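Asks: Whatever this is, show me its structure:
(chains A and B)
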Amino acid sequence: DGGITQSPKYLFRKEGQNVTLSCEQNLNHDAMYWYRQDPGQGLRLIYYSQIVNDFQKGDIAEGYSVSREKKESFPLTVTSAQKNPTAFYLCAGGVNSNQPQHFGDGTRLSIL
Amino acid sequence: AQKVTQAQTEISVVEKEDVTLDCVYETRDTTYYLFWYKQPPSGELVFLIRRNSFDEQNEISGRYSWNFQKSTSSFNFTITASQVVDSAVYFCALRGEASNYKLTFGKGTLLTVNP
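Replies: As a prediction, this is how the structure comes out:
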């Protein structure tokens, strides 16, 4: 089945630790996105990538890093610099501007 | 700059009632796209509809209908004869032509349909 696959579903981070969230797609989408969702805040864009080996900061990129070495993969690293990482993280893929983005099932990150 | 406002934080209705979710947007782009997504308790976002700025036709899909009015910068969503399965958070989103593929989301409306 085609889609956006995020893993793990739940993730726990210790203080001072970096953690990486996986996002894989088999939809042949050029663009991929990472969003953060907090209660009552809606979705906020962290990073996005329109082509392989290129990515841009979104609205809340501080404390996060990404890579786009393959079209199918867009992993997000939550670094120790992100002081409030507890949130629901959603990855999305898209073809072009007027088409909807397709979302994965999300990863819920918590602090131990 | 783009902005989407969903003024209703939470709505609670009884099954079979009709309910309208409001969405007001701001953009300087003359060409833009509006979207509605549904987020059930399981967490994934499900795409419901896309509307282009140059197409003001309203749309109906089963129990769902959408009212797009450029004059008031609104893109409201109505569920007719609501069902318990409609319980979810609903997001309105906007992408302007000049925004480089970036979607701007409203904060969402939590709809609870009680039996």
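Asks: check contacts around the residue positioned nearest the centre of chain A.
Replies: What sits nearest the mean C-alpha location of chain A, by Cα atoms, centre = their mean, is A:Trp34, with 3.1 Å. Residues counted as contacts of A:Trp34 (Cβ atoms under 8 Å, 6 or more residues apart in numbering or on different chains) are A:21, A:23, A:45-48, A:58, A:64, A:66, A:74, A:76, A:89-92. C-beta here means a position set from N, CA and C on the backbone, and glycine is covered the same way.
Asks: Out of the residues you listed, list just those in strands.
Replies: Among the contacts of A:Trp34, the ones falling in strands (DSSP state E) are A:21, A:23, A:45-48, A:64, A:66, A:76, A:89-92.
Asks: Without its sequence neighbours, what residue ends up closest to residue 85?
Replies: Looking at chain A here, since you left the chain open. Ranked by Cβ to Cβ, 6 or more residues apart in numbering or on different chains and with sequence neighbours excluded, the top spatial neighbour of A:Pro85 is A:Val78, at 4.9 Å.
Asks: oops, chain B please
Replies: Residue nearest to B:Val85 in three dimensions, not counting chain neighbours: B:Val113, with 7.8 Å by Cβ to Cβ, 6+ apart.
Asks: Which helix or which strand is home to that neighbour?
Replies: Element membership for B:Val113 (DSSP states H and E) is strand B:109-114.
Asks: Would you mark the buried spots in that strand?
Replies: For strand B:109-114, the buried set under the neighbour-count rule, 16 or more other Cβ atoms under 10 Å in any protein chain shown, comprises B:Thr109, B:Leu111, B:Val113.
Asks: so who does B:Ser87 touch?
Replies: Going by Cβ under 8 Å, 6+ apart, B:Ser87 touches B:Pro40, B:Pro41, B:Leu111, B:Thr112, B:Val113.
Asks: okay, it: pLDDT?
Replies: pLDDT, B:Ser87: 97.
Asks: Tell me the helix or strand right after the lowest-mean-pLDDT helix or strand in chain B.
Replies: Ranked by mean pLDDT, DSSP states H and E, the helix or strand of chain B with the weakest confidence is strand B:59-61, at a mean of 85. Of the helices and strands lying after strand B:59-61 in sequence (DSSP H and E), the nearest is strand B:64-69.
Asks: picking that back up, could you list which residues are in contact with the residue nearest to B:Val85?
Replies: B:Val113 sits next to B:Ser12, B:Val13, B:Val14, B:Glu15, B:Glu17, B:Val19, B:Ser82, B:Gln83, B:Val84, B:Val85, B:Asp86, B:Ser87 when contact means Cβ under 8 Å, 6+ apart.
Asks: How much space separates it from A:Val78?
Replies: B:Val113 sits 35 Å away from A:Val78, going by Cβ to Cβ, to the nearest Å.
Asks: Output the set of residues of chain B in proximity to chain A.
Replies: B:9, B:33, B:35, B:37, B:42-47, B:50, B:52, B:91, B:95, B:97, B:100-103, B:105-108 (Cβ under 8 Å from any Cβ of the partner chain).
Asks: Kindly confirm my reading that the residue nearest to the centre of chain A is in a strand.
Replies: Yes: the assignment for A:Trp34 by DSSP: H, G, I helix; E, B strand; the rest coil puts it in a strand.
Asks: No more questions from me, cheers.
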